[in-house]
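>>> Give me coordinates for this.
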Amino acid sequence: MTEKPIEGSPPQTLFLHVLPIIWGCQQQHGLRHGDYLRYRSFCSRRIKHIRHALKITQQSHRRGFSSKPITAERVATIVDSRCLELLLMESERAWACAMILKDESQLEPRRKHHMFRRLTAALVTAEELHELSSKPFVPSADSAIQVAAVYDTRTELETRAYLSLQKARLLLERCNWTDAKESFTSARYIYQRLRDAVADEQKPIYSNQLESIDTGLSFCEYNAGDIAVGKSGIDTTHLADKIDKLVLESNKPVEEETITWIGRTVPIKNEKIRKFFKRLETIQAEIAAATEERSKIALIEDALEESRQAHYILKEDQSEKTTGGMSVIMFLLGYVTFLKLGQSVQKNVSLLCSTLETESTNQNNVGLLSLFLSSAQRIKPHLILRYIDNVLQLLDDILELPVLQISSAEDVIKEYKMRKLALKTIRCFQLARGYSFQNEWKSALALYVRSSKLLKESLEATSGYKLEHSWLIALQKSLKDEQFYAFTQTLVEQSSPTILEEKDSGQPIESELDKFVDCSGLAVGKKSLVKLPPDMLPVPCKPFFFDIASNHVTLPSGVEQKVKSQEQSGIGGYFKGWLWGSSK
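Next up, the predicted model:
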């Protein structure tokens, strides 16, 4: 979430620890294996992500490209340290591209000119970063921005050392050994003094950087013909006061920020995670003060975005040490995941309340309690069941978190199991209402009975929780009314004659004289008394004419013999066979 400056507010202190950031990015995104292409791609993605998060994306139009550079006024407007990180990533991307071109220049020499241009671009961006962090922005009287942006001493020293390092890299490629040696010496002096001022877990990073600087410094001194390694030809007196001040500040006992959850207290060493928890406290206070559900949903979306970024940072962080069987980084990762799932639950609840507020006719009955009031009877149950199913799935994800299982957080597990049981009761009740809407009273009555059983268990489980207990008390009143109504409708169905329930067969009344038929359709023409015209029926009768033309019809040979044999065996043959027997 981007903080908005308030008129008359005190100066905002921004910081950027350059070396720990670029060291972690380089080691995790390709430079451990010398893959500069992968590191350049990471820098491009990071720049795009930061610009999108800070809402300063650059777009191409038909009229041209709209550039949005990082200036002091823009930093004072946004008041976010990621503005400095954006310049740092742009410089790192240009340097990574130059290293790619350096490898390609061995086969194609003209690539070397492009390499110099990219190194120059990296140096120019580093100069902008150092100039921005070394001069605090103080708004004028006519300026619309009424907040000053200042930077801590370590940020100024880090950007100065980074500028010297980028300058030394460019001069080294141009074979300007003397100037490159001075730049390397300046960067080495700052990093060596910063190593004494930083925390113990960051000292190896500065030691490794000093080793890489010593390698370049030795190379420059060898080519320049100077044997005395490590001698500095520059004046560092203007930096001594700032470095000594930083060392004194680091030696003061500082209260370490910690977080306590499920009976365990862990330190927060990552500065970005500290900022995340501070911003999260601010957002939660704004959510508690909001009155409209739409504003709550917007704030919850901001909290979810912050939680996703913190989750991404903790996923990449691998420098924490294990304590007590579980590493601190895993504990913080589990806690941030727990917060993210909880915010998703809160978002679905707010969306449900917003739906109830929109659909309900009584605008005074808002909130989850309106689920069980008479004004909610007109709301279709499937609108409610969709959000309840989402919340139940999120509660299952919370209960399956490894950090809760390993830490044996029985209180937290018991609380979320209670909420899951209460929501199951509400879901069963709403599902029964859905069957009632479809006039399936037997299924609705069975679900209402099931809801009554779940309600008894839920009331016992939520005895110590006022909010959930109030939901269930309101549900209990509505459940009794709905259950009795479904029971009476079931009795009406059982006592009604089944004849009335049969559908109209479409036959006329004369064909169904053995049944009771509702004759109300005769008046409107939907029912007929008889069928018109009637069906044709076969009637027995004597023939008017005998077949006397059979003797004049010429038949085929086989048929003719058969006919003649039938003519010979007439009535005389019949009596002959009966009286005297038949000849074979």
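
>>> quick one: which helix or strand includes residue 150?
Element membership for residue 150, per DSSP states H and E: strand 149-151.

>>> Who are the packing partners of the helix or strand just after that strand?
Next helix or strand after strand 149-151 toward the C-terminus (DSSP H and E): helix 153-173. Contact here means 3 or more CB pairs under 8 Å, 6 or more residues apart in numbering; DSSP states H and E; on that basis helix 153-173 packs against helix 18-28, helix 82-104, helix 111-134, helix 177-197, helix 203-224, helix 237-251. Backbone N, C-alpha and C define where each C-beta goes, glycine included.

>>> how about the ones you listed, which one is nearest residue 531?
Nearest to residue 531 among the helices and strands packed on helix 153-173 is helix 82-104 (85.7 Å), distances taken as CB to CB.

>>> now the helices: where do they sit in the stretch 251-400 of the chain?
Along the stretch 251-400 of the chain, counting by DSSP state H, counting those that start in this stretch, helices occupy 271-289, 293-316, 328-359, 381-399.

>>> so the longest one versus helix 271-289, what angle?
So the one you mean is helix 328-359. With axes from the mean of the first three to the mean of the last three CA atoms, to 10 degrees applied, the angle from helix 328-359 to helix 271-289 works out at 20 degrees.

>>> got the angle between helix 328-359 and helix 293-316?
Using the same axes, to 10 degrees: helix 328-359 against helix 293-316 is 160 degrees.

>>> Give me the helix or strand of this structure that scores worst on average pLDDT.
In the chain, no helix or strand scores lower on mean pLDDT, DSSP states H and E than strand 322-323, which sits at a mean of 42.

>>> hang on, the earlier thing: which stretch in the helices and strands packed on helix 153-173 has the least confidence?
Mean pLDDT is lowest for helix 237-251 among the helices and strands packed on helix 153-173, at a mean of 62.

>>> now, of the helices of the stretch 251-400 of the chain, which is deepest in the fold?
helix 328-359 (a mean of 20; mean count of other CB atoms under 10 Å).

>>> what packs against that one?
Under the contact criterion of 3+ CB pairs under 8 Å, 6+ apart, helix 328-359 touches strand 258-261, strand 264-267, helix 271-289, helix 293-316, helix 381-399, helix 402-407.

>>> go again using 6 Å as the cut-off
Applying 3 or more CB pairs under 6 Å, 6 or more residues apart in numbering; DSSP states H and E, one finds that helix 328-359 contacts helix 293-316, helix 381-399.

>>> quick revisit: turn the helices of the stretch 251-400 of the chain into CSV, columns for mean pLDDT and distance to residue 153.
Listed next are the helices of the stretch 251-400 of the chain as CSV, based on pLDDT from 0 to 100; distance: least, CB to CB, whole Å:
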stretch, mean pLDDT, distance to residue 153
helix 271-289, 86, 15
helix 293-316, 86, 24
helix 328-359, 85, 28
helix 381-399, 87, 43
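
>>> so can I have TSV of the ones you listed showing distance to residue 186?
Shown next, in TSV, are these (distance: least, CB to CB, whole Å):
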stretch	distance to residue 186
helix 271-289	26
helix 293-316	31
helix 328-359	35
helix 381-399	52
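
>>> out of those helices, nearest to residue 506?
Residue 506 lies closest, by CB to CB, to one member of these: helix 381-399, at 35.4 Å.

>>> got the angle between the helix or strand containing residue 429 and helix 328-359?
Assigned by DSSP H and E, residue 429 falls within helix 410-437. With the same axes, to 10 degrees defining the directions, helix 410-437 sits at 30 degrees from helix 328-359.

>>> Can I get the helices and strands packed on helix 328-359 in CSV including distance to residue 91?
Formatted as CSV, the helices and strands packed on helix 328-359 follow (distance: least, CB to CB, whole Å):
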stretch, distance to residue 91
helix 293-316, 20
helix 381-399, 40
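
>>> So for residue 277, which of these sits nearest?
Checking those against residue 277 by CB to CB gives helix 293-316 as the closest, at 8.4 Å.

>>> Only the C-alpha atoms, please, for that closest one, written as PDB.
Extracted C-alpha coordinates of helix 293-316, given in PDB (Å, rounded to 0.1, in the frame of the first residue of the first chain):
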ATOM      1  CA  GLU A 293     -18.700  -2.600   3.000                       C
ATOM      2  CA  ARG A 294     -17.300  -1.300  -0.300                       C
ATOM      3  CA  SER A 295     -14.600   0.700   1.400                       C
ATOM      4  CA  LYS A 296     -13.800  -2.300   3.600                       C
ATOM      5  CA  ILE A 297     -13.400  -4.500   0.500                       C
ATOM      6  CA  ALA A 298     -11.000  -2.000  -1.100                       C
ATOM      7  CA  LEU A 299      -8.900  -1.900   2.100                       C
ATOM      8  CA  ILE A 300      -8.900  -5.700   2.400                       C
ATOM      9  CA  GLU A 301      -7.700  -5.900  -1.200                       C
ATOM     10  CA  ASP A 302      -4.700  -3.600  -0.300                       C
ATOM     11  CA  ALA A 303      -3.900  -5.800   2.700                       C
ATOM     12  CA  LEU A 304      -4.000  -8.900   0.500                       C
ATOM     13  CA  GLU A 305      -1.600  -7.300  -1.900                       C
ATOM     14  CA  GLU A 306       0.800  -6.400   0.900                       C
ATOM     15  CA  SER A 307       0.600 -10.000   2.200                       C
ATOM     16  CA  ARG A 308       1.300 -11.500  -1.200                       C
ATOM     17  CA  GLN A 309       4.400  -9.300  -1.500                       C
ATOM     18  CA  ALA A 310       5.600 -10.300   2.000                       C
ATOM     19  CA  HIS A 311       5.000 -13.900   1.200                       C
ATOM     20  CA  TYR A 312       7.100 -13.600  -2.000                       C
ATOM     21  CA  ILE A 313       9.900 -11.900   0.000                       C
ATOM     22  CA  LEU A 314       9.900 -14.600   2.700                       C
ATOM     23  CA  LYS A 315      10.000 -17.300   0.000                       C
ATOM     24  CA  GLU A 316      13.200 -15.900  -1.400                       C
END
